Structures are given as structure tokens and as C-alpha cells.
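Novice: Turn this into a model:
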Amino acid sequence: MQRVDDPDDPRVALYRSLPDAELRRSVESENGIFIAEGKIVVRRLLASGYQTRSVLVAPNRVEALADVLTALECPVYVAASPVLDAIAGFPIHRGVLACADRPPDLLVAAVANGARRLAVLEEISDHENLGALARSAAAFGIDALVLSPGCCDPLSRRALRVSMGTLLALPFARSRAWPADLAALAGMGFARWGLTPSTDACPIELLGVPERIAVVLGAEGPGLSAAVLECVDRRVRITTSSSVDSLNVAAAAAIAFHFVAQGLKT
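Specialist: Numbering: from 1, shown residues only. Here you go, the predicted model:
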């Protein structure tokens, strides 16, 4: 373990100014990295297939992570909390960060092959919604995520934190031809269910779950685009009280994923 006493130490340059979204996009893109935050997420990172470049940890978190830190080949930097906060640009209450290499981009066909259950996401730009949705996807056996071009980064620090690191175990691909990639899933044997609050959609509880299924979800507010609703095999809704017109996308996803998981067991 290597001690860091100066926030300007070049060894920890990749951890600087984490709240500056524009700067972080530039730094992470140029260096091919992403940042993980918190004990649970960092543990899952170190247990995953991702290549970790370094870990930056406060002294009071070293003992809790000693079992994984001592086995690392990458540098482990230890910085007192005020120094750690100055490096990151905000108080790091969780006391641990890690920097890892971004994986190569995957094609939609690569994550769909061999999968039975997909979550297909259109224009979900809220990192917390994506993280919460991914946590439910992992809990209910979704095999992979397919993201439209406008979805936010699944390896963003916030999405990873909200997902409790489950995004590190979910294969994902960002579509390069939207919605053509969604249309192509039909040729791979996937039934495509588009979730919508529209009253003319079929209640999900009335449906049987097909062997291969893609659950398609849109952004908070606008929902699925007209082009996607034309592309899906079924428009599906979750029945709610008449006093509520729709659910948060992460909540709707959790209900749909649970329904699919139960249906595939029968």
C-alpha cells in the first residue's frame, strides 16, 4: 500500500473532480476507465472480470477491505479522509474508490446469443433509474441489457452505486442501429414486450411468458417512442389504481422482471 498525502499527487490524477460530469466524461473516455465507489461496489469490481488499475482508500476502510486489498497486484493508495475528499472534489463518506478499465463495446447480437431474458432500454438518461433497474434485473434473472444510443453510461459512478455493483455482472450492449437492433431480436426468437401505461395495452398478468423475451422500457416521462411501440410484438401495461397514471421506470421494470421470472419457472 502506498500513502498519498498531496491531493495533486499524479498517481491519483484519474480520481480528481468526480462531480464535474463534463470533465469526467472527457477523462474517462480519453483514458478508457471508469470509477467505482463504496465498499460493496468495489468488492464486486474486484471479484468481476474487469481489470482494476488502482484502489484509493481512507485509512479507516483498509481493515474492512483487507481480505481483497492484500491480494491485489494493482496499486492501493491510502489517503487520509481530508486528502481523499480534496482529490475527489466532494466528501467520500464511503471511503473507497477504484479505477478500472472499460470493457470493449459489445454488439447487441453478442449479448443476445444464449440469453433467454433481455431488458431493452430506450433513452434512459437518469443514472439512478438505470442503476435501480439493473439491480432488479440482476435480482430477477435478466441475462443482459440492450441500450439505445441515448441511454446514460451503465458504468457511471452513480449508476454503479445505485445498482450496488450488479451492473458489473450484467452484460450490456449499446445499439448502433436503433430501432433496427430491436427489430432484429425477433429473428433471434425473442418476443418483444413494450411496457406502456396506455390503457389499450394488454395487462401483463393476462400473458403467458414466452421462452425468449425482451422487456422494452422507455425513459421517465416520454416512455417508449412511437417507432419502438410500432416495432414491439405486444404493448404491455402494469395495472395500477386509476389515481396513478404511471410508475417510475425502475419500479415498473422490477414488477415486469419478477413476472417474467415467475412465468419462466412454470
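
Novice: Could you use CA atoms for every contact and neighbour count after this?
Specialist: Noted.

Novice: and the residue positioned nearest the centre of the chain, how far is that from residue 168?
Specialist: Central residue of the chain (C-alpha atoms, centre = their mean): residue 154, 3.8 Å from the mean position. Computed with C-alpha to C-alpha, to the nearest Å, the distance linking residue 154 and residue 168 is 9 Å.

Novice: okay, and the common contacts of the two?
Specialist: Common neighbours of residue 154 and residue 168 (criterion: C-alpha atoms under 8 Å, 6 or more residues apart in numbering): residue 160.

Novice: I'd say residue 228 and residue 179 touch.
Specialist: Yes: with contact defined as C-alpha atoms under 8 Å, residue 228 counts as touching residue 179 (6.5 Å).

Novice: which one of these two has more residues nearby?
Specialist: Taking neighbours as other C-alpha atoms under 10 Å, residue 228 and residue 179 compare with residue 228 leading, 20 against 16.

Novice: and the gap between the more buried one and residue 154?
Specialist: 21 Å.

Novice: three-state assignment of the residue nearest to the centre of the chain?
Specialist: Using DSSP: H, G, I helix; E, B strand; the rest coil, the structure places residue 154 in coil.

Novice: wait, doesn't it sit right on residue 132?
Specialist: No: contact criterion C-alpha under 8 Å: residue 154 and residue 132 do not qualify, at 11.0 Å.

Novice: Please enumerate the shared neighbours of these two.
Specialist: Common neighbours of residue 154 and residue 132 (C-alpha under 8 Å, 6+ apart) do not exist.

Novice: What ranges does this protein have for its helices?
Specialist: Remark: helices assigned in the chain by DSSP state H are 21-31, 39-47, 59-62, 66-69, 81-88, 108-112, 127-139, 157-162, 180-187, 226-231, 249-265.
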